[in-house]
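the following comprises the amino acid sequence and a computationally predicted model.
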Amino acid sequence: MALLEIRRISRQFGDTKAVDDVSLSIEAGEFFTLVGPSGCGKTTLLRLIAGFEEPDAGELLLDGRPLTGIPPEKRPVHTVFQSYALFPHMSVAQNIAFPLQMAGTASDEVRRRVDEALELVHLAEKTRHFPHELSGGQRQRVALARALVNKPRLLLLDEPMAALDAKLRQQITGELIALQRAVGITFVFVTHSQEEALAVSHRIAVMNAGRIEQVGVPDQIYGYPQNRFVADFIGTVNLLPVEVRAADQGGLRMFAAGLGEIAGAPATATAVGQRGVLALRPEQVRVLAGSERQEMDNHFRGTVHDYLYLGDVTVYKIALDNGSVIESLLANSLPGRARFLERGDAVEVGWQREAGVYLRD
Amino acid sequence: MTDARRAANGVGRADSLTRWLVSSPPTLFLLVFFLAPALLMVLASFQQPGDFGGLVPVFQDGRLTLSLETYEFFFGDWIYAEIFFRSFVVAAATTLICLLLAYPLALLIARSGKRHRDLLVLLVVLPLASNFLIRIYAWIILLGPFDLLYTPFAVIAGLVYVHLPFMILPLYSNLEQHDPALLEAAQDLGAGSFTRFRRITLPLSLPGIWAGSALVFIPVLGMFAIPELLGGTRDILIGNLIKEQFLESRDWPLGSTLSLLLTVAVLILAALSAWAGRRRRGWA
């Protein structure tokens, strides 16, 4: 049985359907991420789980018991808020002791558990400090310790990295994974950052306009997006308009105007004559040296339109003969050899048939 | 900006000149119209009353006329201490009643929609737009038929009525700044509505409570019009006593002594409350 079962819930604000007929099940011990653009309903879904909102339709079951009508303070679900919402008039230790006191824990037990939680987030020396004396990263760790100390069944994290700078975010992402593994509590993480989602999650649900577009493990979401929204939102993608010419067990034969035939992997529910796009990740598109040509299932001529040097990789924008521009990403594995192509160079690009994903319109 | 950077920018001198130009008129005003009279009052408390009011000059017939007479007078008769004590009790009661009435109202205004807030605040300050004496006379008309006029009740009711806005406003401006996420966090972590108030809202509003209490307590101590109009002969406060020395008894030195002792008592109280406040909230 799933730890949290979300059954066809909806929540409407005025005319906007913030959450629209969403079903999900989240397993115990999972690091589950809700990702989507701002306004997609992910925060509302989180507030529905926490109990700050009641669904207009559908129901939530925690450990098989319905949560309907149970107020937030009675749910074994704690939240790490985006602003952390630390109590400014309480010390770090008093903040962390708060949920234990609410649960009526004996005072010596409270002291022991607070010390334990501080140890867990490496803040043992900050016990007596007040929130305004801490850095952003330290505040976030206090918020985590406070939400975890009473061992909730479910921990909700509402964009907890939003207030941190990029470098710190990366470090904390690593700490968060280790923390979840250490405590074994189920995490439901909300973010608009697809990198964060891919990095931390066991499973990801991609949300858009109140609905869930796709649920899966990170590799699946990135490698096999089910529709254009997911392909576009998660990572960078080249979309080539194509028409299906033939479909059988051997694979898909597609036709792109001005380019010719493209070989693809087998796809379900396709019919000859259907129109769609071929989604290709930039790192799947290779700029070919002479000998590589024979090994590639698909290869086309083009010219270097532009490039973007990013240090670890260089992104080349290559204009194909039919005018469409596709991105190819090359790792800069040898120093000094980063920019070996210049604007206007004639090149050949190619990809294997398994690389692309065909998405119908 | 750090001193080093200010010096590097070469704006330090111009900066401090501007500061002096801007702050000197109010400083001068305070020196002339506040500090000087206060010092004159200290001097007057040691002087002798003139036969028809006013003061006997400090030097008369070649000798100094200063004495501690008024202080001996004050500490020699229990009646003054009693009036002081009664005044503090009345001021404390007024402050407490104002606090109990103002808190729920301030909370209601702070938590109502942004559109309604300004209107509600306007309604709170609206009574201040009409004349103070007229509003007190209105209370005479109101209380008359109920046989409540010229009683301690009438005095306290009048004092509370007049000072209530001065409690509501600082409380409101404090409560309005509370981050609603704190209450959600408390609720999320298991706190029911009463606990949320006791552990979050109340402690965070203490600065507002202190400010409002000072704005009510201190003026009430010096108030004489309300006790005079609404109270009986036994309800006089320090304010009435002081006014009497200057206008009826023509004993300026005693009036000055009473004023001075009142100021000292208030300053001691303010210092105590500031000290208690600082100890309580190291975070603010």
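Nice, thanks for sending it over. Residues are numbered from 1 along each chain as shown, chains lettered A, B, ... in the order given.

report pLDDT for the nearest residue to residue A:70 once chain neighbours are set aside.
With sequence-adjacent residues excluded and distances taken as C-beta to C-beta, 6 or more residues apart in numbering or on different chains, residue A:70 is closest to residue A:51, at 6.4 Å. C-beta coordinates here come from the backbone N, C-alpha and C atoms, glycine included. On pLDDT, residue A:51 comes in at 95.

number of nearby residues for residue A:51?
21 (other C-beta atoms under 10 Å in any protein chain shown).

give me the element residue A:12 is part of.
strand A:4-13 (DSSP states H and E).

and that strand, what does it pack onto?
strand A:16-26, helix A:42-50, strand A:57-62 (3 or more C-beta pairs under 8 Å, 6 or more residues apart in numbering or on different chains; DSSP states H and E).

to chain B, which of those lies closest?
helix A:42-50 (6.0 Å; C-beta to the nearest C-beta).

packing partners of that closest one?
Under the contact rule (3+ C-beta pairs under 8 Å, 6+ apart), helix A:42-50 is packed against strand A:4-13, strand A:16-26, strand A:31-35, strand A:77-80, strand A:154-158, strand A:186-191.

same list, the ones you listed, but as a markdown table with mean pLDDT please.
Formatted as a markdown table, the helices and strands packed on helix A:42-50 follow (pLDDT from 0 to 100):
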| stretch | mean pLDDT |
| --- | --- |
| strand A:4-13 | 95 |
| strand A:16-26 | 95 |
| strand A:31-35 | 96 |
| strand A:77-80 | 96 |
| strand A:154-158 | 95 |
| strand A:186-191 | 95 |
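
reformat those strands as a markdown table; add mean neighbour count.
A markdown table is the format used below for the helices and strands packed on helix A:42-50 (neighbours: other C-beta atoms under 10 Å in any protein chain shown):
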| stretch | mean neighbour count |
| --- | --- |
| strand A:4-13 | 18 |
| strand A:16-26 | 18 |
| strand A:31-35 | 25 |
| strand A:77-80 | 26 |
| strand A:154-158 | 24 |
| strand A:186-191 | 24 |
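
could those go into a markdown table alongside distance to residue A:137?
Converted to a markdown table, the helices and strands packed on helix A:42-50 look like this (distance: least, C-beta to C-beta, whole Å):
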| stretch | distance to residue A:137 |
| --- | --- |
| strand A:4-13 | 29 |
| strand A:16-26 | 27 |
| strand A:31-35 | 20 |
| strand A:77-80 | 13 |
| strand A:154-158 | 15 |
| strand A:186-191 | 17 |
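
next SSE downstream of the strand or helix carrying residue A:246?
Here residue A:246, judged by DSSP H and E, is contained in strand A:238-248. Proceeding N to C from strand A:238-248, the next assigned helix or strand is strand A:251-256, under DSSP H and E.

show me what counts as buried in that next one.
Going by neighbour count (16 or more other C-beta atoms under 10 Å in any protein chain shown), the buried part of strand A:251-256 is A:251-254, A:256.

biggest helix in chain B, by residue count?
Among the segments of chain B that qualify as a helix by DSSP state H, the longest is helix B:78-111.

from the contact counts, what lies against that one?
Counting by 3+ C-beta pairs under 8 Å, 6+ apart, the packing neighbours recorded for helix B:78-111 are helix B:114-125, helix B:152-175, helix B:206-222, helix B:238-247, helix B:252-280.

would you mind getting the angle between that helix and helix B:238-247?
If you take axes from the mean of the first three to the mean of the last three C-alpha atoms, to 10 degrees, helix B:78-111 sits at 130 degrees to helix B:238-247.

could you export the helices and strands packed on strand A:4-13 as a markdown table, including distance to residue B:57?
A markdown table is the format used below for those (distance: least, C-beta to C-beta, whole Å):
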| stretch | distance to residue B:57 |
| --- | --- |
| strand A:16-26 | 82 |
| helix A:42-50 | 78 |
| strand A:57-62 | 88 |
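
do you know which of those lies nearest residue A:242?
strand A:16-26 (30.7 Å; C-beta to C-beta).

pairing partners for the closest one, with directions?
strand A:4-13 (antiparallel) (DSSP bridges).
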